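Colleague: Can you look at this prediction? I've put the sequence above it.
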Amino acid sequence: MTSSDGIPARSLPVSARAPGKCVLFGEHAVVHGCPELVVAIDLSTQVVLRAAPQLSLNADPNAAESNPYFRAALDGSWRGGPPIAVRSVTRIPRSAGLGSSAAFVCALGAALGAATGGVDRAGLAQRSFEVERGAQGVGSPGDTSASVAGGYVALNGGPGEPLWTVTAGERRWSVRRVEDPRWSWVVAYSGVPRSTADAVRAVAERLARPDGPALLAEFEEVARAGIASVGRGDRRETGELLRRNQELLRTVGVSHPRLEALLAAAEPLAEAAKITGAGAGGSIVALPRAGREGELVRTLARAGALPLPVRAEPLGAGLVEEPPAG
């Protein structure tokens, strides 16, 4: 399987997996058409679909009513289909800004797509975005596109290989491949859950103020430069741009005292660190100084976070050949 392969048709039972993500540049501004850089990380979610007497998710027969992501995925890909039992397991902390919902949606979309005749990767990216946006009510396709594609992907900017275009009404986001610099990162979950939808709406209100256009222009400048610096493997410039992005996130009000404490703890051991994802809780991401990754992980753990060393996951959403028993 490669990121350019489609999802082939497969009869039940079928299993699929998809990686989580980390936003490096441009979160929030991407909702308003600015560039964003997202990396798929080597933490993933796997789902298994089996024929069953009644519809369920992890043995819950009411999940289609209580879980908006599950309901939206079924409405989009399985309406009128026979009952199935879906099992989902994940290594991605939930409500941590690391793409747990996107990974679930993309893995489930890949499995449902396979069970209904197959789906190409561009179609899976569009469908997965529609499911996540339908469940959250807001958002951009960065998370789901990274989960579908794997590796580093840029929205609305960058010189890399074009992958696909995702649309919502009249809004369009172009998605491109960015060269992998082969860096290690450390993400650290603060333990403070956050709501993507609430944070996106709060930032939209902040950007509606008179200085909003200037802030968006700076977000765009930093993101475009960040995409270029990561693509050519320039750690020093990337660090400087990560710090500038963090200042912008503070300005639009998505920081939190716990996040600031983790950023301060990471500073001596990292090229830079910033909030990743919606903010107002969730996680930070740090680019460790050479040879300091282990020390950074221990320091963030002592500061009360759940630190996770991660690298880019080159494979996006796809089938797992042998569904587990049970």
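Modeller: That came in fine, so what should we check first? The shown structure was predicted, so the numbers you read here are calculated from the model rather than taken from an experiment.

Colleague: so how far is Thr238 from the spatially closest residue to Gly137 that is not a sequence neighbour?
Modeller: Nearest non-adjacent residue to Gly137, counting by CB to CB, 6 or more residues apart in numbering: Ala197, 5.6 Å away. The C-beta positions use only the backbone N, C-alpha and C, and glycine is treated the same way. Plainly put, Ala197 is 29 Å away from Thr238 if you go by CB to CB, to the nearest Å.

Colleague: out of those two, which sits in the more crowded spot?
Modeller: A direct count of neighbours by other CB atoms under 10 Å for Ala197 and Thr238 places Thr238 higher, at 26 against 14.

Colleague: Surely that one is within a helix?
Modeller: Yes: the assignment for Thr238 (DSSP: H, G, I helix; E, B strand; the rest coil) places it in a helix.

Colleague: Just give me the longest helix of this protein.
Modeller: In the chain, assigned by DSSP state H, the helix with the most residues is helix 212-231.

Colleague: ok, residues contacting the helix or strand encompassing Leu249?
Modeller: Using DSSP states H and E, the secondary-structure element containing Leu249 is helix 235-251. With contacts defined as CB atoms under 8 Å, 6 or more residues apart in numbering, helix 235-251 is touched by 24-28, 181, 183, 215, 218-219, 222-223, 225-226, 229-230, 255, 263, 270-275, 279, 287.

Colleague: Tell me what angle it forms with helix 212-231.
Modeller: Using axes from the mean of the first three to the mean of the last three CA atoms, to 10 degrees, the direction of helix 235-251 lies 150 degrees away from that of helix 212-231.

Colleague: mind starting the numbering at 54 from now?
Modeller: Right, with 54 as the first residue, what we last looked at is helix 288-304.

Colleague: Report the mean confidence score over helix 288-304.
Modeller: Averaging pLDDT along helix 288-304 gives 95.

Colleague: Would you mark the buried spots in that helix?
Modeller: 288, 290-299, 301-302 (16 or more other CB atoms under 10 Å).

Colleague: what do you get for stretch 203-216?
Modeller: Gly203, Gly204, Tyr205, Val206, Ala207, Leu208, Asn209, Gly210, Gly211, Gly213, Leu216.

Colleague: can you put these in CSV and add secondary structure, pLDDT and distance to Ile145?
Modeller: Below are those laid out as CSV (DSSP: H, G, I helix; E, B strand; the rest coil; pLDDT from 0 to 100; distance: CB to CB, whole Å):
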residue, secondary structure, pLDDT, distance to Ile145
Gly203, coil, 98, 15
Gly204, coil, 98, 17
Tyr205, strand, 98, 18
Val206, strand, 97, 18
Ala207, strand, 97, 22
Leu208, strand, 96, 21
Asn209, coil, 92, 25
Gly210, coil, 85, 26
Gly211, coil, 79, 25
Gly213, coil, 83, 25
Leu216, strand, 97, 22
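
Colleague: which strand is the longest one in the protein?
Modeller: Criterion DSSP state E: the longest strand present in the chain is strand 89-104.

Colleague: Which neighbouring elements make contact with it?
Modeller: Secondary-structure packing of strand 89-104 (3 or more CB pairs under 8 Å, 6 or more residues apart in numbering; DSSP states H and E): strand 67-78, strand 137-143, helix 153-168, helix 195-202, strand 205-208, strand 237-242, helix 265-284, strand 359-364.

Colleague: Return the member of those having the minimum mean pLDDT.
Modeller: Ranked by mean pLDDT, those end with helix 265-284 at the bottom, a mean of 94.

Colleague: ok, back up a step: tell me which of the buried residues of stretch 203-216 is nearest to Trp226?
Modeller: Proximity of the buried residues of stretch 203-216 to Trp226 (CB to CB) peaks at Leu208, which lies at 4.9 Å.

Colleague: Dump the buried residues of helix 288-304 into a markdown table; add distance to Ala156 as well.
Modeller: Shown next, in a markdown table, are those (distance: CB to CB, whole Å):
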| residue | distance to Ala156 |
| --- | --- |
| Arg288 | 27 |
| Glu290 | 30 |
| Thr291 | 25 |
| Gly292 | 27 |
| Glu293 | 30 |
| Leu294 | 26 |
| Leu295 | 23 |
| Arg296 | 28 |
| Arg297 | 29 |
| Asn298 | 23 |
| Gln299 | 25 |
| Leu301 | 26 |
| Leu302 | 23 |
